[in-house]
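S.K.: Fold the following, please.
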Amino acid sequence: MTIGLLSHPNSTTHSLLEEDLAYLHTLLETLEVTDVLTTFTPAWENLVTLTALESGIHLTGVLPCSEYAEIFDDYQALQQLTQLWTLADHLHALPFEYYSEEAMAAAQRWIVKQSDAVFSLDRSPNEGLLYAEKLGVTIYQPLVLA
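M.R.: Numbering: from 1, shown residues only. Predicted coordinates for the structure are as follows:
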């Protein structure tokens, strides 16, 4: 099963508890997830990505634009992004040069189209979740965060 990770572009970093990460690991295993697609949004999404990698799940990074790294003004988030890029099995770049809401929405739609189901931990809807609902793609919100 291929799972897409969808974060609201303005998500803040959430700290997940050890038991939350254990639950996510079990959920990934139960759903027999083989592939995870992500835009590497520096929030809960990267924690789930790391959990997936620890489980041996294949990772595809989706880059909304060629200048994606430029939007990361936090040094630690940029370091994590570049680390995850090197760990990804594949990187898929969309044809946008600069970051915009349109570029992120296109990345989320691409993720939804390639996914059997999507994960979201955000309460606020985003383009990807709305698109998943429209296409009838299963949405999991295993640990909805405020």
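S.K.: just checking, what's the longest strand in the protein?
M.R.: Ordering each strand of the chain by length in residues (DSSP state E) puts strand 58-63 first.
S.K.: tell me the mean pLDDT over it?
M.R.: Mean per-residue pLDDT for strand 58-63: 95.
S.K.: Residues contacting the next helix-or-strand element following it, please?
M.R.: Counting by DSSP states H and E, the next helix or strand C-terminal to strand 58-63 is helix 75-87. Contacting residues not belonging to helix 75-87 are listed as 38, 40, 42, 46, 49-50, 53, 59, 61, 68-69, 72, 91 [CB atoms under 8 Å, 6 or more residues apart in numbering]. Placement of C-beta: from N, CA and C, glycine included.
S.K.: now the angle between strand 58-63 and helix 75-87, please.
M.R.: 130 degrees (axes from the mean of the first three to the mean of the last three CA atoms, to 10 degrees).
S.K.: Considering the contacts of helix 75-87, which possesses the most neighbours?
M.R.: residue 40 (27 neighbours; other CB atoms under 10 Å).
S.K.: Residue 64 is in contact with that one, correct?
M.R.: No: look at residue 40 against residue 64 with CB atoms under 8 Å: they stay out of range, at 9.8 Å.
S.K.: Overlap in contacts, those two.
M.R.: Counting by CB under 8 Å, 6+ apart, nothing touches both residue 40 and residue 64.
S.K.: quick revisit: what does the longest strand of the chain rub up against?
M.R.: 34-40, 49, 52-53, 84-85, 87-94, 107, 110-111, 114.
S.K.: Narrow those residues to those in helices?
M.R.: In helices, defined here by DSSP state H, the members of these are 49, 52-53, 84-85, 87, 107, 110-111, 114.
S.K.: Pick out the lowest-pLDDT one from those.
M.R.: Scoring the ones in helices among the contacts of strand 58-63 by pLDDT puts residue 49 last, at 86.
S.K.: do you know how far that residue is from residue 92?
M.R.: For residue 49, the distance to residue 92 equals 15 Å [CB to CB, to the nearest Å].
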